[in-house]
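Visitor: pasted the sequence and its predicted model underneath.
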Amino acid sequence: MNKDSKIFIAGHRGMVGSAIVRKLKKEGYENLALRTSAELDLRDQKAVQRFFETENIDYVFLAAAKVGGINANNIYRAEFLYDNLMIEANIIHQAYLNKVEKLLFLGSSCIYPKMAPQPLKEEYLLTDKLEYTNEPYAIAKIAGIKLCENYRKQYGCNFIAAMPTNLYGPNDNYDLQNSHVLPALLRKFHEAKVEGAAQVEVWGSGTPKREFLHVDDLAEACLHLINNYEGEEWLNIGTGEDISIKDLALLIKDIVGFNGELRFDRSKPDGTPRKLLDVSKINRSGWKHRIDLKEGIEAVYNEVKENQFVKA
């Protein structure tokens with residue numbers, strides 16, 4: 001990309017999109033097309049068409065999505081499928097019609113089968129059944145990958161896709177009803193400490209293992225891919241390291257300074273037993289994560305406790 005390229009960051013107010021905006025501005029990219037959901041409903045085909053026809057977009061970072069944790073994914077199944085399908089189909093199709101130079105679609109590691117071998121290689125996609133609780137979201141993200149892949153094959157579009165692992169960082173969601181595990185635990189432990197609670201409840205058995213990537217590392221990976229990667233195959237983005245939910249809870253307990261006990265609620269779902277990405281391909285392309293998990297959580301906690309877990 002040139003410094004004066006017109007760049008559309010879809011979902012710029014979310015955790016991922018805002019991290020991409022920060023990174024682009026830091027690197028001197030100022031010609032950014034940013035629209036809130038109130039200004040541009042990405043599910044509206046005509047609205048997206050008008051936007052692309054008038055804005056002359058050169059590059060697209062497709063970070064917009066309806067997202068949530070295991071609870072939200074399972075409850076709002078139709079919304080997660082419909083909204084995400086419409087968002088990605090509208091943007092990818094208009095990027096093709098309006099001759100966008102390059103598009104990066106961001107998916108999720110939940111696209112892989114529930115019982116796929118670990119670590120998860122890109123070629124494991126569609127080899128077995130998905131985890132039921134987030135199946136609609138995963139199917140929508142798989143469709144986005146296939147849109148990029150087949151618009152490239154049929155029309156020659158330079159559309160690429162990347163699958164980040166579990167993310168955390170600035171602008172995360174701390175709503176205990178629909179947030180992901182790391183921000184949910186961070187808020188639970190903080191509130192328990194403030195209230196002097198005796199224990200904190202953790203969903204599930206604590207045995208599943210998860211990988212966590214700071215969103216600023218993801219933003220660096222996205223800029224690296226848009227500037228350097230031209231391949232047809234999507235790439236995993238992660239750290240290549242994972243941690244059990246129990247050990248994550250203990251780490252956050254220590255960072256927050258909570259002195260009570262943990263209680264695991266085994267009536268709540270565990271989800272996929274393990275979800276570790278094989279990141280050898282993106283590492284070979286020249287990118288590797290930099291932010292250590294403990295260091296990253298400490299930085300996030302210092303920020304969010306100041307604003308009472310409300311997004312900036």
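Guide: The structure has been received and is ready for your questions. Numbering: from 1, shown residues only.

Visitor: gap between the closest residue to S244 other than its chain neighbours and L125?
Guide: Counting by C-beta to C-beta, 6 or more residues apart in numbering, S244 lies nearest to K209, which is 5.1 Å off, once chain neighbours are set aside. (Glycine included, C-beta is placed from N, CA and C.) For K209, the distance to L125 (C-beta to C-beta, to the nearest Å) stands at 20 Å.

Visitor: ok, residues contacting the lowest-mean-pLDDT helix or strand in the chain?
Guide: Sorting the helices and strands of the chain by mean pLDDT, DSSP states H and E puts helix 70-75 at the bottom, at a mean of 74. With C-beta atoms under 8 Å, 6 or more residues apart in numbering as the contact definition, helix 70-75 has outside contacts at 80, 132-134, 136-137, 177-178, 181, 203, 269, 271.

Visitor: looking at the residues you listed, which one is closest to D292?
Guide: Closest approach between the contacts of helix 70-75 and D292, by C-beta to C-beta: V181, at 18.5 Å.

Visitor: run a quick neighbour tally on that closest one.
Guide: 22 (other C-beta atoms under 10 Å).

Visitor: picking up where we left off before, show me the contacts for the residue nearest to S244.
Guide: K209 touches 242-245, 273-276, counting by C-beta under 8 Å, 6+ apart.

Visitor: do K25 as well
Guide: Contacts of K25 (C-beta under 8 Å, 6+ apart): L32.

Visitor: which element is it on?
Guide: According to DSSP states H and E, K25 maps onto helix 15-26.

Visitor: buried ones in that helix?
Guide: The neighbour-count check on helix 15-26 (16 or more other C-beta atoms under 10 Å) flags 15-21, 23-24 as buried.

Visitor: also stretch 153-171?
Guide: 157-171.

Visitor: can you get me the start-to-end distance on it?
Guide: Across stretch 153-171, the terminal residues are separated by 36 Å (C-alpha to C-alpha, to the nearest Å).

Visitor: average model confidence for it?
Guide: Stretch 153-171 shows a mean pLDDT of 96.

Visitor: could you give the mean pLDDT of the helix holding K25?
Guide: Computed over helix 15-26, the average pLDDT equals 97.

Visitor: please enumerate the strands of the chain.
Guide: Here the chain has its strands, by DSSP state E, at 7-10, 32-33, 59-62, 102-106, 159-164, 166-168, 199-203, 209-210, 212-214, 235-237, 243-244, 261-265, 274-275.
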